[in-house]
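A.B. asks: sharing a model prediction with you, sequence too.
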Amino acid sequence: MTAILAVKRAAILTFVCALFASGSAQEVVRNSQSNNVNGRSCGENQFACRNGECIASELLCDGRADCSDQSDETQVECTKPELTCPDYAFRCTYGACVNGDAVCNGVKDCIDNSDEALSRCPGISAADPEASCGIGDFRCRNGQCINSTSLCDGIVDCADQSDETTNACGSFPCSQLVFRCNYGACIDGDLTCNGVRNCADGSDEDPLHCGGSGTPGPVTPVTPTPTPTPTPRPSSRPPVARPSACLVPPQPSNGHWKLHRTLCSNELDCEIPQGVELEPGTQLVYTCNSNYKARGSTEVFCAVTGTWSKTPVCVEIKCSALNSPSTTAACSSKGQWVSCDSAVSPGTRAQLSCRQGYMMDTTSFTTRRTSVTCNANGKWEPDPVRCIPVCGIARTNQTPLVYNGVKATIGDFPWHATLYKEVNTVKGPKKEFQCGATIIEINLVLTAAHCVYDENTKTAVSPEKFFVVTGNAFRDYDSPLHDPNIVRKAEVKNVYLYCQYYGLNGNYASDIALLELRQPFVFSSILQPACLDVSGFSEQILEPGVFGRVAGFGRTASGTTSAVLQTLTLPYISYSQCKSSSNSSEVEVFISNDKFCAGYTNGSAVCEGDSGGGLVFKKNDLWYVMGVVSVGLGVDTSNGERTCDKYSYSLYTKVSTYMAWIQDVMFNLKQYQSFRSCGSNV
């Protein structure tokens, strides 16, 4: 215990890698192993200088030359990838880390003097609290900026507690009507002796000041001793809660910690035995073993409650797995094959290629390669190639000819999906055909909002009720005719509606929805997304005389929904022609700005069952989804029932109107695995 200074103050602590000495700061994972230079071996936690000298590893790259040949302060040593500086430190030009407060203080803290060679140095001293902070701010020792009104007010605002110390507050002026804390802060005089610590050091509740009796709290660190139970005595005030000491934590797996050098007598991090208690504010220095790195906060403090802030763990340094649904990789280490299905060790090399149904992303601004290596920091370098889905490629050609349509093959519409809804029947739950849909991402399909909307509750139906099938040429969910090598089934995880969709009350405006799937697709030549127009050329494509294609299981000429997937080629209809063809004002209200018309009036039309399907148009040999089947303009009542009028045009939700929203959903799901745009989402 002779190596420990009894310092009764809020001491600063760092985790693995944050080290302060004479104004220096480092954040580096040290190797706990011996070094051998010129035949001389250095001990554990030591650095071997080039001339054979041995120094403590924490002195490496701290701005001072501790090796007589200065080999501990070189660009070679200080720019190694495992050495990083914390945010509040200053990095010298050659790579060493020094205290951020040491910049422009007139003292050479970097061995190359780069901390005093900055353009902002003239006229600024380390004593100026507003350096690097705004007007009216106080600069904490760690570089943090706080409002000057929070300085010496009894409340700790700086993470390192430097706004409530004797150095900061010793000469701080207090008026006659306030109470001065022992370290100099000023608080309201009425807040003393009220059972609440209003001074950071608790001196406003000192029994000597408040009329009681007591002894000062323990200095840090102390060895725990039995505390005698005091004889109870009457008191007019509630007992004052004093800070609790922290029992030193156990050593971590694959690493160790030491007490920070500011609490040690030899200016080096020192070890202390188990069973010792440390004062609140104490900071420890954690170190991970070779080939391990810290995960978690790099600063660990003893809190006033007697508990340590969350301590990090030392995890093995590895690079992430490369094999994925889009990418295949062949990995090797030291000449031996290793699996790329799981994380791999540094030094592993990998050759990458895109799987069938994917292609290399050529739009990325960063340099990406098919040959990569796992570096010492657990990162692949250079960045691995990114494989993106091939989109909009039909595998067979169909003569342009769902009502009066022709049978479609799976290769015609590899992006087509079928939506089913689970309903209760006498025989139990059954998945009934609901609508069509379009694949746009590995875990997203596009459909019409009315397919997943409850007109009674005015909300989206629970996603657990829906299921999606792809690769099916036959309508029924459990059809024995499905090809098990092609057909894929997935559960719906979330339903996303556009916020302004109000169903029939809103005349089916914004009739668009995205369904997030629980089981992502694995794309291939017969299962791929339709392309999305993110460049805005839809207006140039959607012109009278241009034909698009749609697939579905809609009503056929016989009056029933088709049991086999049908396809129909339809012409785009101008807005004026579409509006003039409507036979009543009741129908005309559905022709909103987010819709366009397509179809025939000769008996070939999309009908019930085709809803939600994607109308695709071809550009540069790729098929883009530009419309979602929404509503028909006509109603046939000739058979005594309200059915789709096969002699009327149909309305399609214009996908380009909602492209920004679609991209927003896709980005959030990739980045944050969630998206909540409005209360109607489930």
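C.D. replies: All right, it came through fine. Only a predicted model underlies this, so the values are computations on that prediction, with no experimental measurement involved. Residues are numbered from 1 along each chain as shown.
A.B. asks: for the rest of this, base every contact and every neighbour count on C-alpha atoms.
C.D. replies: Will do.
A.B. asks: now residue 436: how far from residue 600?
C.D. replies: Separation of residue 436 from residue 600 (C-alpha to C-alpha, to the nearest Å) stands at 20 Å.
A.B. asks: helix or strand for the residue lying closest to residue 51 once chain neighbours are set aside, which one?
C.D. replies: In space, and not counting its chain neighbours, residue 51 is closest to residue 69: 6.7 Å by C-alpha to C-alpha, 6 or more residues apart in numbering. For residue 69, there is no enclosing helix or strand under DSSP states H and E.
A.B. asks: where does the stretch 251-400 of the chain have low pLDDT?
C.D. replies: Counting by pLDDT under 70, the stretch 251-400 of the chain shows low-confidence ranges at 363-366, 396-400.
A.B. asks: can you show me the strands along it?
C.D. replies: For the stretch 251-400 of the chain, applying DSSP state E, counting those that start in this stretch gives strands covering 255-259, 277-278, 284-288, 292-295, 313-316, 327-333, 336-338, 349-354, 358-360, 368-369, 371-374, 380-381, 383-384, 387-389.
A.B. asks: with distance to residue 174 added, can I get those in a markdown table?
C.D. replies: A markdown table is the format used below for those (distance: least, C-alpha to C-alpha, whole Å):
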| stretch | distance to residue 174 |
| --- | --- |
| strand 255-259 | 36 |
| strand 277-278 | 32 |
| strand 284-288 | 35 |
| strand 292-295 | 44 |
| strand 313-316 | 45 |
| strand 327-333 | 67 |
| strand 336-338 | 69 |
| strand 349-354 | 66 |
| strand 358-360 | 68 |
| strand 368-369 | 62 |
| strand 371-374 | 59 |
| strand 380-381 | 58 |
| strand 383-384 | 58 |
| strand 387-389 | 66 |
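A.B. asks: out of these, flag the one nearest residue 60.
C.D. replies: Closest to residue 60 of the strands of the stretch 251-400 of the chain, according to C-alpha to C-alpha: strand 284-288, at 13.8 Å.
A.B. asks: can you give me how far the closest one is from the chain middle?
C.D. replies: Remark: strand 284-288 is offset 27 Å from the chain centroid, using C-alpha atoms, centre = their mean, to the nearest Å.
A.B. asks: try stretch 380-393
C.D. replies: 20 Å.
A.B. asks: ok so, going back, who's more crowded, residue 436 and residue 600?
C.D. replies: The residue with more neighbours, out of residue 436 and residue 600, is residue 436; 30 against 19, by other C-alpha atoms under 10 Å.
A.B. asks: wait, doesn't the more buried one sit right on residue 615?
C.D. replies: No. Using C-alpha atoms under 8 Å, residue 436 makes no contact with residue 615, being 10.7 Å away.
A.B. asks: name the residues of the top strand by length along the chain that come out as buried.
C.D. replies: Longest strand of the chain, by residue count under DSSP state E: strand 428-441. Neighbour counts over strand 428-441 (16 or more other C-alpha atoms under 10 Å) mark 431, 432, 433, 434, 435, 436, 437, 438, 439, 440, 441 as buried.
A.B. asks: packing partners of the helix or strand following it?
C.D. replies: Downstream of strand 428-441, the next assigned helix or strand under DSSP H and E is strand 444-447. When contacts are defined as 3 or more C-alpha pairs under 8 Å, 6 or more residues apart in numbering; DSSP states H and E, strand 444-447 packs onto strand 428-441, strand 513-517.
A.B. asks: and what about residue 417, helix, strand or coil?
C.D. replies: Here residue 417 is recorded as strand under DSSP: H, G, I helix; E, B strand; the rest coil.
A.B. asks: buried residues in stretch 369-381, which are they?
C.D. replies: Buried residues in stretch 369-381, defined by neighbour count with 16+ other C-alpha under 10 Å: 369, 370, 371, 372, 373, 374, 375, 376, 377, 378, 379, 380.
A.B. asks: give the contact list for the last one.
C.D. replies: Looking back up the chat, that one is residue 380. The contact partners of residue 380, taken as C-alpha atoms under 8 Å, 6 or more residues apart in numbering, are 319, 372, 373, 374.
A.B. asks: look up how far residue 343 lies from it.
C.D. replies: Residue 380 sits 11 Å away from residue 343, going by C-alpha to C-alpha.
A.B. asks: check the fifth one too.
C.D. replies: Note on residue 373: its distance to residue 343, by C-alpha to C-alpha, is 13 Å.
A.B. asks: what's the answer for residue 144, then?
C.D. replies: Residue 144 sits 37 Å away from residue 343, taking C-alpha to C-alpha as the criterion.
A.B. asks: tell me where the stretch 401-550 of the chain has strands.
C.D. replies: Using DSSP E, counting those that start in this stretch, the strands of the stretch 401-550 of the chain run over residues 406-407, 416-425, 428-441, 444-447, 453-454, 459-460, 466-470, 488-497, 513-517, 547-552.
A.B. asks: does anything pack onto the longest one? Which helices or strands?
C.D. replies: Under the contact definition 3+ C-alpha pairs under 8 Å, 6+ apart, strand 428-441 sits against strand 416-425, strand 444-447, strand 614-619.
A.B. asks: tell me the angle of that strand relative to strand 416-425?
C.D. replies: Orientation check (axes from the mean of the first three to the mean of the last three C-alpha atoms, to 10 degrees): strand 428-441 against strand 416-425 gives 160 degrees.
A.B. asks: so in that sheet, which strands flank strand 428-441, and in what orientation?
C.D. replies: strand 416-425 (antiparallel), strand 444-447 (antiparallel) (DSSP bridges).
A.B. asks: for the longest helix anywhere in the chain, give me every contacting residue.
C.D. replies: Assignment by DSSP state H gives helix 659-672 as the longest helix of the chain. Under the contact criterion C-alpha under 8 Å, 6+ apart, helix 659-672 has outside partners 498, 514, 533, 534, 674, 675.
A.B. asks: repeat the analysis, applying 10 Å as the threshold.
C.D. replies: With contacts defined as C-alpha atoms under 10 Å, 6 or more residues apart in numbering, helix 659-672 is touched by 440-441, 443-444, 446, 496, 498, 512-514, 516, 532-536, 655-656, 658, 673-677.
A.B. asks: how about stretch 169-177?
C.D. replies: Stretch 169-177 has contacts (C-alpha under 10 Å, 6+ apart) with 151-153, 162-164, 166, 180-190.
A.B. asks: redo that, cut-off 7 Å
C.D. replies: Residues from elsewhere that reach stretch 169-177 (C-alpha atoms under 7 Å, 6 or more residues apart in numbering): 152, 180, 183, 184, 185, 186, 189.
A.B. asks: please consider this matter closed, and thank you.
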